[in-house]
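>>> Using only what follows, build the 3D model:
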Amino acid sequence: MLLTMCHALMCRALAFHCKRLKALLLPGCVKVNDEAAEAVLSRIGKHLIVLDLTGCKITSKIAQLLFQHSQVSHCN
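Numbers count the residues shown, from 1 in each chain. Predicted structure coming up:
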């Protein structure tokens, strides 16, 4: 799923309603932060294969979560 102009609340809603999402592309979504990315990874990280957070406001905390709780094989 490719989203542009996404915000944190939308990410949390996706994580809640799209539990088996395989790919999530959020390039340039500057309103997506650690809290939103953590909600996505904690809820659907085990199903994600592709994740693009290019341009999002995330920190290295999310990189740690990726390695601990997901099966993402391609991440930007």
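
>>> Show residues contacting the strand or helix carrying residue 68.
Element membership of residue 68, judged by DSSP states H and E, is helix 60-69. If you take CB atoms under 8 Å, 6 or more residues apart in numbering as the criterion, helix 60-69 is touched by 34, 37-38, 41-42, 45-46, 51, 53, 72, 75. (Each C-beta comes from the backbone N, C-alpha and C, glycine too.)

>>> again, but for stretch 31-48
Taking contacts as CB under 8 Å, 6+ apart, the residues outside stretch 31-48 that touch it are 6-9, 11-12, 14-16, 18-24, 26, 53, 56-59, 61-62, 65-66, 69-72.

>>> Which members of these occur in helices, if any?
Counting by DSSP state H, the part of the contacts of stretch 31-48 found in helices is 8-9, 11-12, 14-16, 61-62, 65-66, 69.

>>> Could you count how many residues lie near residue 28?
13 (other CB atoms under 10 Å).

>>> I'd say it and residue 55 touch.
Yes. Taking contacts as CB atoms under 8 Å, residue 28 lies within contact range of residue 55: 4.2 Å.

>>> How about residue 53: what's its closest non-neighbour residue?
Computed as CB to CB, 6 or more residues apart in numbering, the closest residue to residue 53 that is not its neighbour in sequence is residue 26, at 5.8 Å.

>>> and that neighbour, backbone torsions?
As for residue 26, its main-chain torsions (degrees, to the nearest 10) stand at phi -130, psi 50.

>>> Same check on the one 10 residues further on?
For residue 36, the backbone dihedrals (degrees, to the nearest 10) come out as phi -70, psi -50.

>>> what pLDDT does it get?
At residue 36, the pLDDT value in this model is 90.

>>> Give me the neighbour count for it.
By other CB under 10 Å, neighbour count at residue 36 equals 26.

>>> now residue 12
Neighbours of residue 12 under the rule other CB under 10 Å: 16.

>>> begin at 549 from here
Sure thing, new numbering starts at 549, so read that last one as residue 560.

>>> element containing the closest residue to it other than its chain neighbours?
Counting by CB to CB, 6+ apart, residue 587 is the residue found nearest to residue 560 once chain neighbours are left out, at 4.6 Å. Using DSSP H and E, the element containing residue 587 is helix 582-592.
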